Every structure is written in structure tokens, then in C-alpha cells.
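Visitor: kindly generate the corresponding structure for this input.
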Amino acid sequence: MAERSSAPTKKQLDFIDKLRSASPEREEVVFKFLDSKEKGSISELSVPETSELIDRLKAIKVEGENISAGFATGKQISFLTNLQDTEERRNAAREYLHKLGKTSVNELAINEASELIDSLMKMPRGDRLDASELAPTSKQLKFIQSLQKSPNGTGTISSYLKKLRKGQLEELTRKEASELIEMLKSSSQ
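Guide: Residues are numbered from 1 along each chain as shown. Purely as a prediction, here's the structure:
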């Protein structure tokens, strides 16, 4: 059995439970997704697979769902990640999420994401964080996911995340993501 990059986080599992309980259609998507990945349960998925499943579930609109405007788009989430380029902006984003009772920008509604974007853009740029403190780019994450398929890829990712005490790829910094990419490239040669 191939080793996974890491198991889904508790936050991801809780969010999937929340999404799937809102609709039988979403429940069916979960079963089909697990079947397509040849997995018996969500906990067997890798972090990238879990993120893919969350995106598929979020795409299904549910009448009467608590989030009236729908979930934040991928572009909004990416932009929010890039806007958190100073410690002040990072703290403001954390406080905003906490105020809404959410743990991740992935849980924001479109209007909530827009509100946070506006708020962060009004904040001064200040002392920008260097690349070692910024979140990884979407290109880095996609490249890591493609390299994960190589021999030893999942093992390398799992070991690296464990060494850094990080639960998922999205928790890496840009610098750490670059280091992991180099490790994966050298291990696949």
C-alpha cells in the first residue's frame, strides 16, 4: 500500500461532514469520489484528494444552506492567501475568521471573503513578510501534488510534513514548499 502525503486534518473532516449532511446529492458525490479513488473512507484520502473532494462538495448548491451567497471562489481564497503578507494582515484575517466561528478561508461565503479582502486591502502594506513566512503559491502546491505521484513521493511529503509538524501542504511556507519540491525532484531521479 502506498504511503499518503498525510491524512486529512480534523478541520477538513469536520467541514466535509458539515457539507455532506446538507444534501443527499453531496453524500452521493462522496461515495462516487471514494470509489473513483479506490478508498473505503474519507480518512484514507490524502490531503490533496481531500481538498479536491471539498471543492466538489462546495460546487453543489443547497437550498436553505446557511451560506446565502455560496462559498468563496478559488480566486478569492488564493487572493486572501496572498494578501496575508504582513503579520498585521495575518492577525486581522485570523480575528475575522474567529469572529465568524470559522477556521479557514475555505469556509467563507463569497460575501464574507469579499468583506475580508476589502478589509485587508485597506490595511497598510507595512513591513512585508519575506518569502519564508508567506503561504505557498497555488503553483507550488499543484507541482508538489504532481510530484507526489512519483516513486517515494508520498513518503517524502509525509516525512517532510511530520518533520515540520505540519498537518497539510497548505500549512507550509513558500520557502518550505520550495525545499520540498527540490527534495521530491531529487528523489524521483
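
Visitor: okay, the closest residue to Ser41 other than its chain neighbours: pLDDT?
Guide: Excluding its sequence neighbours, the residue lying closest to Ser41 (C-beta to C-beta, 6 or more residues apart in numbering) is Leu34, at 7.0 Å. In short, each C-beta sits where N, CA and C put it, glycine included. For Leu34, the pLDDT comes out at 91.

Visitor: where does pLDDT dip in this protein?
Guide: Residue ranges of the chain with pLDDT under 70: 1-6, 11, 64-70, 126-133, 189.

Visitor: same thing but at 50, please
Guide: Applying pLDDT under 50 to the chain flags residues 1-5, 67-68.

Visitor: tell me which residue lies nearest the centroid of it.
Guide: Glu170 (5.3 Å; C-alpha atoms, centre = their mean).

Visitor: can you pull the contacts of that residue?
Guide: By C-beta atoms under 8 Å, 6 or more residues apart in numbering, the residues touching Glu170 are Val47, Ser51, Ala135, Pro136, Leu141.

Visitor: repeat that for Leu184.
Guide: Counting by C-beta under 8 Å, 6+ apart, Leu184 has contacts Ile144, Leu147, Gln148, Ser150, Gly153, Thr156, Ile157.

Visitor: so it versus Ala59, what's the distance?
Guide: 29 Å (C-beta to C-beta, to the nearest Å).

Visitor: so how many other residues sit close to Val47?
Guide: For Val47, the neighbour count with other C-beta atoms under 10 Å is 25.
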